[in-house]
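>>> the sequence isn't on hand, but the structure is:
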Ligand code: GRF
C-alpha cells in the first residue's frame, strides 16, 4: 500500500521536520514527507529539507498583506497538488485562519512544547519556570480554531530541574518532541491508510 503523504509546515529551524524526514527514510515507515512549506522564505528548515531531497515551497506571507486567507489558499493548493493527506505543523509560527483549519479538519496536527492545556502560546518554557512547575513536556494535538486548543493526541513529560533556564528546559523538551512526533505521525498515517481501504 502506498505510504501516506505528509505536508510539513514550518517557519524556522525545522528540527521536528528533520526528524520526520529522517523517520520516513525507512521504507517501512507508513508516511512519506511529500512537501515542506514555509511562510517565511528565509526559514533555515527550507535548506535542510532541500538538502534531504524533499520538495519545498516558500509562500511568503508578506506577499499577501492583510489577506491571511489568500496566503492559506495558496498553501492549501500546494498541499493538494502534492497529494498531501496529513498536515504536520512543526514550528509554524502563524495563527491559522478558519479557512485552513476547516479545510484540513481532523487531518492537521501540531506539536507544542508544554503539557497542554497548560501553557499554550509562544512563551511556554518561561511560564512553566515562573509557575514553579516540577514537570513539563510536549503535546501533539489536532488543530482547531483556538490556538493550541485542539484535542490532545499524545504527550511526553520531562522533569523541570531547579537549575533550569528556558534554554535547558527547551532542549530537554525538544528531545522528547523528536521522539513523540514521528511516533504520532506514524500512528495517524496507519489510521489514514486503514480508512483508505475500508
Ligand atoms: C518546537 O518547540 C515546537 O514544539 C514548537 O516550535 C518549536 C519548533 O522547533 N511548536 P523546530 O523548528 O521544529 O526546531
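Nice, thanks for sending it over. Keep in mind the model is a prediction, meaning the values are calculated, not measured.
>>> so where is the protein shaky, pLDDT-wise?
The model of the chain has no residue with pLDDT under 70.
>>> so what's residue 56 bridging to?
The partner list for residue 56 in beta bridges (DSSP bridges) reads residue 36.
>>> surely it meets residue 33?
No - using Cβ atoms under 8 Å, residue 56 is not in contact with residue 33, being 10.2 Å away. Heads up, the C-betas are built off the backbone N, CA and C, glycines and all.
>>> which one of those two has more residues nearby?
Neighbour count, other Cβ atoms under 10 Å: between residue 56 and residue 33, residue 33 has more, with 27 against 19.
>>> distance check, that one against the ligand.
Residue 33 is 13 Å from the ligand, where distance means Cβ to the nearest ligand atom, to the nearest Å.
>>> so that residue, which of the three states?
strand (DSSP: H, G, I helix; E, B strand; the rest coil).
>>> contact partners for it?
Residues near residue 33 by Cβ atoms under 8 Å, 6 or more residues apart in numbering: 6, 8, 17, 20-21, 24, 49, 54.
>>> same thing but at 6 Å, please
Under the criterion of Cβ atoms under 6 Å, 6 or more residues apart in numbering, the neighbours of residue 33 are 6, 8, 20-21, 24, 54.
>>> for those, give me JSON lines that also has distance to the ligand.
Listed next are the contacts of residue 33 as JSON lines, based on distance: Cβ to the nearest ligand atom, whole Å:
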{"residue": "6", "distance to the ligand": "14"}
{"residue": "8", "distance to the ligand": "9"}
{"residue": "20", "distance to the ligand": "9"}
{"residue": "21", "distance to the ligand": "11"}
{"residue": "24", "distance to the ligand": "15"}
{"residue": "54", "distance to the ligand": "15"}
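>>> so which bits of the longest helix along the chain are buried?
Ranked by residue count and defined by DSSP state H, the top helix of the chain is helix 166-197. Going by neighbour count (16 or more other Cβ atoms under 10 Å), the buried part of helix 166-197 is 169-170, 172-174, 176-178, 180-182, 184-186, 188-189, 192-193.
>>> count of residues packed around residue 135?
Other residues near residue 135 number 10, with proximity taken as other Cβ under 10 Å.
>>> run through the residues that contact it.
By Cβ under 6 Å, 6+ apart, the contact set of residue 135 is 157, 159-160.
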